[in-house]
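Asks: sharing a model that was predicted from the sequence below.
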Amino acid sequence: MRAPLTPIKAFVQDATKRGQAGDASSAEDPRLSQWLLVAQAAERLAELKPAQRSEYVKMLGSTVLPAREGRPTQIEGDGRVPTDAIAELAERLRMEAEDMERAGCFELALTTVSSVCQMLARGSLTARLLATAHLGRVTRQIGELSSAADCYTTVTTEGQRVSDGPVAAHGFIGLGNVAHSRGNRPSQKAFFLKALELAAKGSPVELSAHQGLLITANQQGELAEALLHGWRAHDLAPPESQVQFETLINLANTALQAGFPTAALAGFDYVVQRTTETRNRLVCIGGGIQAAARMHNRAQVEVFEQLGHDEVKRAAAPYDVARFYFWAAEARHLLHDEHLVASLVRDSLALADAHGFHELRLRAESLLQPSQPDSRRALTTPVAEFESSDPIVKSGIGRLRALAPA
């Protein structure tokens, strides 16, 4: 893994990227200065001896780390709270890092979580493994898949060595996500199944495993299984949370690939109207573009595409941006707007080459191949939806359609 930037360099890079988006309110976000202080505090805590840390935290007071409720997303499966002050402090810093991630400030997040891992080097094994899983997630989001896989493998190996299945499950979720980004579907499914086996029942990790298996089943064309896993994940998630929105996005993708573009569009539109998180918005927008294209709704395609170009400017992760460009290119291909396809494919390929998104590269390159006349004529007509007699499918698709505004 490349060395994280110093806090000030991470701050400058994240602030510059937000400023380049042309959004003054984003570039001048007061949280950036606060997060710089957090990253600097984490770096200093990693340097201090354990006996010196409590005094340093007292000196920081509530200015840098004000009291707040909640816990980071990656915690022990059964919800046990940390048993020592350093582990508690690590969770507090990781909560700040998650806010950085949500705002697209991945360099500050990387710097902060790296310092947390160093701080925990001689502390609680559980706290260290959870922080390592968090580090894997940050590195995965900035496109460093090999480094992310190394982090996750550490979590699975050490977690299983001490018979802590719920903690090891975090690592298997991460490895499943890395396999998904690399297009390795057999490994993807195996990792998510292992995570489901080890996860504590009703935990966020169980939810993530169901989400991963939803995606896997969707890729393999297993519609009923995808809907079962998807709605199970949805019902485990807190209502109107980002996690629930992500599950709805995946369910909408399932409906789209199974030939239910109207239900898919209802799901994508429901989420894009409610989430402000760039990562989720880009996925929704990309899905909405595809659904609208299959319905031959050019006006809706153009609306979603413009929303997507706006989101790309907001410090989005490389894989999410690459997928958006591909989805926009695919939609324009379906509408026979070939003069727009090439530039979108080039943008997608540039990121795929830089970060090793192999499956995405193959799919994007396929759009540059000459189309067969028969297939082009078949795409001229909007896709017609069919009705399934399978009760699981009817119920799952019906729940999505019900999301459409009255």
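Replies: On my side now, so go ahead. Numbering: from 1, shown residues only.
Asks: point to the residue nearest the middle of this protein.
Replies: When the chain is reduced to its mean C-alpha position, the nearest residue by CA atoms, centre = their mean turns out to be residue 279, at 6.3 Å.
Asks: distance of it from residue 171?
Replies: With distances taken as CB to CB, to the nearest Å, residue 279 is found 21 Å from residue 171. Every C-beta, even on glycine, is put in place using the N, C-alpha and C of the backbone.
Asks: helix/strand/coil for the residue nearest to the centre of the chain?
Replies: Reducing the assignment at residue 279 to three states with DSSP: H, G, I helix; E, B strand; the rest coil gives helix.
Asks: does it touch residue 317 like I think?
Replies: Yes. Counting by CB atoms under 8 Å, a contact exists between residue 279 and residue 317, whose distance comes to 6.2 Å.
Asks: now do the shared contacts for those two.
Replies: Taking CB atoms under 8 Å, 6 or more residues apart in numbering as the contact definition, residue 279 and residue 317 share the neighbouring residues residue 141.
Asks: skipping adjacent residues, who's closest to the residue nearest to the centre of the chain in space?
Replies: residue 320 (5.3 Å; CB to CB, 6 or more residues apart in numbering).
Asks: if I look at that neighbour, how far off is residue 65?
Replies: With distances defined as CB to CB, the gap from residue 320 to residue 65 amounts to 30 Å.
Asks: could you do residue 358 as well?
Replies: Distance from residue 358 to residue 65, counting by CB to CB: 41 Å.
Asks: ok, the two, which is more surrounded?
Replies: With neighbours defined as other CB atoms under 10 Å, residue 358 and residue 65 compare such that residue 65 has more, 19 against 14.
Asks: so the closest residue to that one other than its chain neighbours: helix, strand or coil?
Replies: Computed as CB to CB, 6+ apart, the closest residue to residue 65 that is not its neighbour in sequence is residue 92, at 5.9 Å. Put simply, residue 92 is helix when judged by three-state DSSP.
Asks: can you get me a residue count around residue 92?
Replies: Per other CB under 10 Å, the neighbour tally for residue 92 reads 19.
Asks: make sure it is actually in contact with residue 64.
Replies: No. At 10.4 Å, residue 92 does not count as touching residue 64 under the criterion of CB under 8 Å.
Asks: spit out the contact partners of residue 198.
Replies: Taking CB under 8 Å, 6+ apart as the contact definition, residue 198 lies against 165, 166, 168, 169, 172, 205.
Asks: wait, doesn't the third one sit right on residue 153?
Replies: Spelled out, it's residue 168. No. Contact criterion CB under 8 Å: residue 168 and residue 153 do not qualify, at 10.6 Å.
Asks: quick one on the thing from earlier: can you tell me which of the contacts of residue 198 are in helices?
Replies: Restricting the contacts of residue 198 to those inside helices, with DSSP state H as the criterion, leaves 165, 166, 168, 169, 172, 205.
Asks: identify the farthest-apart pair in these.
Replies: Using CB to CB, the pair of the ones in helices among the contacts of residue 198 lying farthest apart is 166 and 172, separated by 10.8 Å.
Asks: now the strands: where do they sit in the chain?
Replies: Secondary structure of the chain, counting by DSSP state E: no strands present.
Asks: kindly report the domain assignment for it.
Replies: Domain ranges of the chain: 1-51+72-142, 143-218, 221-406, per automatic domain parsing.
Asks: what's the mean pLDDT across the last one?
Replies: The pLDDT scores in domain 221-406 average 86.
Asks: report the distance from it to the chain centre.
Replies: Taking the mean of its C-alpha atoms, domain 221-406 sits 15 Å from the chain's own mean (CA atoms, centre = their mean, to the nearest Å).
Asks: residue 209 - nearest residue in space that isn't next to it in sequence?
Replies: In space, and not counting its chain neighbours, residue 209 is closest to residue 196: 3.8 Å by CB to CB, 6+ apart.
Asks: for the one you found, grab the count of nearby residues.
Replies: Based on other CB under 10 Å, the number of other residues close to residue 196 is 19.
Asks: same thing with residue 353?
Replies: Residue 353 sits with 12 neighbouring residues when counted by other CB under 10 Å.
Asks: coming back round to it: can you list the ones in helices among the contacts of residue 198 in JSON lines and add distance to residue 221, pLDDT and neighbour count?
Replies: Rendered in JSON lines, the data for the ones in helices among the contacts of residue 198 read as follows (distance: CB to CB, whole Å; pLDDT from 0 to 100; neighbours: other CB atoms under 10 Å):
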{"residue": "165", "distance to residue 221": "31", "pLDDT": "95", "neighbour count": "18"}
{"residue": "166", "distance to residue 221": "31", "pLDDT": "94", "neighbour count": "22"}
{"residue": "168", "distance to residue 221": "30", "pLDDT": "97", "neighbour count": "27"}
{"residue": "169", "distance to residue 221": "27", "pLDDT": "97", "neighbour count": "31"}
{"residue": "172", "distance to residue 221": "24", "pLDDT": "98", "neighbour count": "31"}
{"residue": "205", "distance to residue 221": "26", "pLDDT": "93", "neighbour count": "27"}
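Asks: out of those residues, which is nearest to residue 86?
Replies: Closest approach between the ones in helices among the contacts of residue 198 and residue 86, by CB to CB: residue 166, at 20.8 Å.
Asks: quick one, what contacts the nearest residue to residue 48 once chain neighbours are set aside?
Replies: Excluding the flanking residues, the one nearest residue 48 by CB to CB, 6+ apart is residue 56, at 5.9 Å. By CB under 8 Å, 6+ apart, residue 56 lies in contact with 41, 44, 45, 48.
Asks: could you measure from residue 56 over to residue 185?
Replies: Distance, residue 56 to residue 185, using CB to CB: 47 Å.
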